[in-house]
Structure formats: C-alpha cells, structure tokens
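Novice: when you get a sec, could you give me coordinates for this:
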Amino acid sequence: ESEDEERRFAAKVCSYTRTSNTFSEQHWYHCWTCGLTFQEGCCAVCARVCHAGHDVTYSRYSRFFCDCGAGKTASNTCQALAPRPASPAGSP
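Specialist: The predicted model follows:
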C-alpha cells in the first residue's frame, strides 16, 4: 500500500462506533480463530486490523453489527474503535 492509502485506512474505525448494537447493511467476515462464526462476525476494518493473520473468511453483505467492536471476543480486544497511527513507510 502507498503511504496515502495507509494513512487513509488508519483513519477508518470499526463500524460498531456508528451502529452500536443496531443492525446495519454492510460487508462482514467470520473469524474462525476467535470464534466469530455463524451469526457472529467482524466488520471489514476489524477483519484487517484486529484479526490480521487469523483465519478470516468473507460472510456476506447483510444487516449486521460488529461483534468484535461489541466486545464478544474474550481473547481479542477491538483495536479499531478509534483511529490508529499510520504505519511508518517500510514497516509490516
């Protein structure tokens, strides 16, 4: 990713910050590593930020709220509830 893309992505936050527990149309993903499966899952930002390196699969586009942001995973605290610093150039 370019530095600009990385900076823009770092500013994106978990969809839970705007939907709370209200179901909202969005793309969402399962994280099999964290047990967010079947009717539970994570938003696109959390899939990339909080669940990077996990066994993540696309679920679908439907009415959903982010279970990662809602704190449903005991082993993984949501890291995307606020903007993050952009990674410096050349870092993983």
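
Novice: put the alpha carbons of the worst-scoring helix or strand of the chain on mean pLDDT into PDB.
Specialist: None of the helices or strands of the chain scores lower by mean pLDDT, DSSP states H and E than helix 3-10, at a mean of 84. Extracted in PDB, the C-alpha atoms of helix 3-10 (Å, rounded to 0.1, in the frame of the first residue of the first chain):
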ATOM      1  CA  GLU A   3       1.700   5.900   2.300                       C
ATOM      2  CA  ASP A   4      -1.500   7.800   1.500                       C
ATOM      3  CA  GLU A   5      -3.600   4.600   1.400                       C
ATOM      4  CA  GLU A   6      -2.100   3.500   4.700                       C
ATOM      5  CA  ARG A   7      -2.900   6.900   6.300                       C
ATOM      6  CA  ARG A   8      -6.500   6.800   5.000                       C
ATOM      7  CA  PHE A   9      -7.000   3.300   6.300                       C
ATOM      8  CA  ALA A  10      -5.600   4.200   9.700                       C
END
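
Novice: now that helix, how far from the centre of its chain.
Specialist: 16 Å (Cα atoms, centre = their mean, to the nearest Å).

Novice: stretch 64-78 now?
Specialist: 9 Å.

Novice: and it, what's buried?
Specialist: Using 16 or more other Cβ atoms under 10 Å as the test for burial, stretch 64-78 gives Phe64, Phe65, Cys66, Asp67, Cys68, Gly69, Ala70, Lys72, Thr73, Asn76, Cys78. Where C-beta positions appear, they are placed from N, C-alpha and C, glycine not excepted.
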